[in-house]
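> I would like the atomic coordinates for the input below:
(chains A, B, C and D)
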2 protein chains.
Amino acid sequence: MSRTPAQPSAASATPMSPRRATISDVAREAGTGKTSISRYLNGEFNVLSAELRARIEAAIERLDYRPNQMARGLKRGRNRLIGMLLADLSNPYSVEVLQGVEAACQALGYMPLICHAANEVEMEGRYLQLLTTYRVEGVIVNALGVREAMLKPVGSGGIPSVLVDRTVEGLDADMVGLDNEAAVRLGTAHLLERGYEEIVFVVQPYEHVSSRRRRVTAFEDAMRATPQVRADTVVLDLQNDEAASAALAALDERIGKGADERQHDARPRIALFAGNAPVALRIALHLNARYGPQWQRRVGLIAFDDPDWAELAGITTIRQPTRAIGYRAVEFLHQRIEGLADVARECVLPGELIVRASTGG
Amino acid sequence: MSRTPAQPSAASATPMSPRRATISDVAREAGTGKTSISRYLNGEFNVLSAELRARIEAAIERLDYRPNQMARGLKRGRNRLIGMLLADLSNPYSVEVLQGVEAACQALGYMPLICHAANEVEMEGRYLQLLTTYRVEGVIVNALGVREAMLKPVGSGGIPSVLVDRTVEGLDADMVGLDNEAAVRLGTAHLLERGYEEIVFVVQPYEHVSSRRRRVTAFEDAMRATPQVRADTVVLDLQNDEAASAALAALDERIGKGADERQHDARPRIALFAGNAPVALRIALHLNARYGPQWQRRVGLIAFDDPDWAELAGITTIRQPTRAIGYRAVEFLHQRIEGLADVARECVLPGELIVRASTGG
DNA sequence: CTGTTAGCGCTTTCAT
DNA sequence: ATGAAAGCGCTAACAG
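Numbering: from 1, shown residues only, chains lettered A, B, ... in the order given. Take a look at the predicted model:
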């Protein structure tokens, strides 16, 4: 477990700096004043003689100088920092949204401070607090779904903020996410076309999560139009093992009942509609354990989100325009920060149906 | 798409602050000097009369004051910021390591600046640069595997840094990761016990990634002890579709050849050993497309990492102690920052074999 | 116990 | 075209 101490190679370039050079050091080294260095740093070359500019360039190089963003931010009053609060990074959805955010930050010159609440409400609050403390210019929030907690630091009159995927009660901010209604219609239409006689929407507790609420509502609305197809909504609380097991057992019963009425290799008459990827995974895991790899012969499955394993498991999904959502969120935030936006806006992007084996593809 | 403008509820608490209160504002409001406020902020209550302390408390409350961390950091010379550079967040490994990092930061009072290189070398460099610019006190790096690029900002004499999973040539920093040798032995021993007659280690280009190199070497070493079992290493470049397809085709040939020699439902005689989760996914996707859901009857599969879909797909894995790795990395970094550590250390944690159907479980 | 005074590293008038 | 000086919000001696 010991290591051969690496040679201090390339150390020649990095002069074993005991302390980073400051703007004053550079000024001294270049034989000029701090002001000129600052001007150089800010690209005001039109007010710098070529000669001085060259000297500065050399001094910076020699000292390996890097301007201190903190100090800059302090003076300027803006630090190009924005906060990105994610409810759950283990959900691929979040990672993809994040990629969009990063791309946009890149383009607009922001540095995103990524905070991961890991499904902990207290974490969410703490990070929000922390972000204001670091004086971020704005925040993009994929909230857990509480309300008071975050209202404090971000609430009306607070820092600019845009919500992703879900709104927060009482918080009047921009919002960007999926067109849930259309997406649900995409899914139900597909299932109906496939001839399922019963469809169960399975969703995590949705009281406090606007997007889930909307999906449930949209589902119920859509199914009202086809009374001949039995429709129901089941809550699957992934955070609560006991409750989850019970919900799963209830689903089993429905599935079993349906199967009894049919011959063995007929197409399944019941389909599950998973409200997001984690729900779909839990369901698939359960069905797989209970019915074996052939579970798709017993029950149909379609899910929101399109995690990489969906292809492997052959599960029909509704893919969200995740990167676009992240990108758009930053654009909105940028406009807010620049004071270009006045009223709260909402941007909903369309989902895409990807048909696979799990719905008789 | 329009929204009902939310009521400015709870706005009473947040007095529509046009500008955040500063320490001076609080001092004035409390009728005292900035020093006392600062002392209050830093918990030096032993030098504050209860009376003054109460006044300060009230003033802070009234103004909804939040100390500016940037200013604090500027003055103190330390800002409690550490950088966390991740090569690829779409790899669940990274997310889990991150969780460990976050937990440790929480415990040690650091704020991690998370940077996601998204497999882009240039991004990696840019972020590293950015991190030094924000004067982070240290960085935890899960590098892409180039060398010069990052040596500049972090190299010897640079800021404290600890590497995760992989070392970087010429960079003399702490390192924490998996005990690759032991993990490989765990895997090969399992496969040998299962009676496979041919084992192919499939890995992404490993020239520049120390952990991959070590796995390959360990694999080859382990297999040298059992010459009766054919062993080989195949490179699968996920970034290069053409090359990947070719590699996969080569694997198909081996698998096909083996299958011809046996009756249909005998146990497969060849097993694939995936160097990490992305490789395993690509392989599984391919095998599934080529041989159908029954592919596990044709070929065995074991993989490093234990993504959530491994259970669903029934794939045997070697799970890494990801969170522990992240936690430990922060601890190492903390010690470095505090100047408690002198020489470069290495910490390798053991993996855990999880047997599933893909190796005849 | 409390306040005054100097900066941290940088930007920005305002002169020159 | 260049520089001196005055802070940004905060902490840390140093005096009382």
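> residues in the stretch 251-361 of chain A within reach of chain B, list them.
Counting by Cβ under 8 Å from any Cβ of the partner chain, the residues of the stretch 251-361 of chain A close to chain B are A:281, A:284-285, A:288, A:293, A:307-309, A:311-314, A:343-348. Backbone N, C-alpha and C define where each C-beta goes, glycine included.
> just the strands in chain A please.
With DSSP state E as the criterion, chain A has strands at A:81-86, A:111-116, A:138-141, A:161-164, A:174-178, A:198-203, A:230-235, A:270-274, A:300-304, A:316-319, A:346-349, A:352-354.
> so where's the stretch 101-250 of chain A shaky on pLDDT?
Along the stretch 101-250 of chain A, the model assigns pLDDT under 70 to residues A:146-157.
> in it, which residue sits nearest DNA strand D?
Nearest to DNA strand D in the stretch 101-250 of chain A, going by Cβ to the nearest atom of the strand, is A:R135, at a distance of 8.3 Å.
> with the stretch 201-350 of chain A instead?
For the stretch 201-350 of chain A, the residue closest to DNA strand D is A:I337, as judged by Cβ to the nearest atom of the strand, at 17.2 Å.
> per-domain residue ranges of chain A.
For chain A, automatic domain parsing gives the domain ranges A:23-67, A:81-177+A:323-349, A:180-320+A:352-359.
> how close does A:V299 get to DNA strand C?
Noted for A:V299: a distance of 61 Å to DNA strand C, by Cβ to the nearest atom of the strand, to the nearest Å.
> kindly report the same for A:R269.
Using Cβ to the nearest atom of the strand, A:R269 is found at 67 Å from DNA strand C.
> with adjacent residues omitted, what lies nearest to that residue?
Nearest non-adjacent residue to A:R269, counting by Cβ to Cβ, 6 or more residues apart in numbering or on different chains: A:E197, 4.4 Å away.
> circling back to that earlier point, the residue of the stretch 101-250 of chain A closest to DNA strand D: how many residues sit nearby?
Using other Cβ atoms under 10 Å in any protein chain shown, A:R135 has 20 other residues around it.
> ok so, going back, including distance to B:V203, could the domains of chain A go into JSON lines?
Shown next, in JSON lines, are the domains of chain A (distance: least, Cβ to Cβ, whole Å):
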{"stretch": "domain A:23-67", "distance to B:V203": "37"}
{"stretch": "domain A:81-177+A:323-349", "distance to B:V203": "23"}
{"stretch": "domain A:180-320+A:352-359", "distance to B:V203": "19"}
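> picking up where we left off before, select only the buried ones of the residues of the stretch 251-361 of chain A next to chain B in ChimeraX?
Buried residues among those (16 or more other Cβ atoms under 10 Å in any protein chain shown), as a ChimeraX selection:
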select /A:281,284,285,288,293,307,308,309,311,312,313,314,344,345,347,348
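> next step: the residues of the stretch 251-361 of chain A next to chain B restricted to helices.
Assignment to helices by DSSP state H places the following of those there: A:L281, A:A284, A:L285, A:N288, A:D308, A:W309, A:E311, A:L312, A:A313.
> from the residues you listed, which is closest to chain B?
Checking these against chain B by Cβ to the nearest Cβ gives A:W309 as the nearest, at 3.4 Å.
> what's near enough to touch the closest residue to the closest one other than its chain neighbours?
Distances taken as Cβ to Cβ, 6+ apart put B:W309 closest to A:W309, at 3.4 Å, once the chain neighbours are dropped. Counting by Cβ atoms under 8 Å, 6 or more residues apart in numbering or on different chains, B:W309 touches A:L281, A:P307, A:D308, A:W309, A:L312, A:A313, B:L281.
> which one of the domains of chain A lies nearest to B:A107?
With Cβ to Cβ as the criterion, B:A107 lies closest to domain A:81-177+A:323-349 of the domains of chain A, at 13.0 Å.
> so what's the residue count around the residue of the stretch 201-350 of chain A closest to DNA strand D?
19.
> what does the one 4 residues further on give?
Counted with other Cβ under 10 Å, the neighbours of A:A341 add up to 16.
> that one and A:D174 touch, don't they?
Yes: with contact defined as Cβ atoms under 8 Å, A:A341 and A:D174 form a contacting pair (7.1 Å).
> overlap in contacts, the two.
Common neighbours of A:A341 and A:D174, using Cβ under 8 Å, 6+ apart, are A:F332.
> residues from chain A in reach of DNA strand C?
Within chain A, the residues that sit near DNA strand C (Cβ under 7 Å from any atom of the strand) are A:19, A:22-24, A:34-35, A:37-39, A:41-42, A:66-68, A:71-72, A:74-76.
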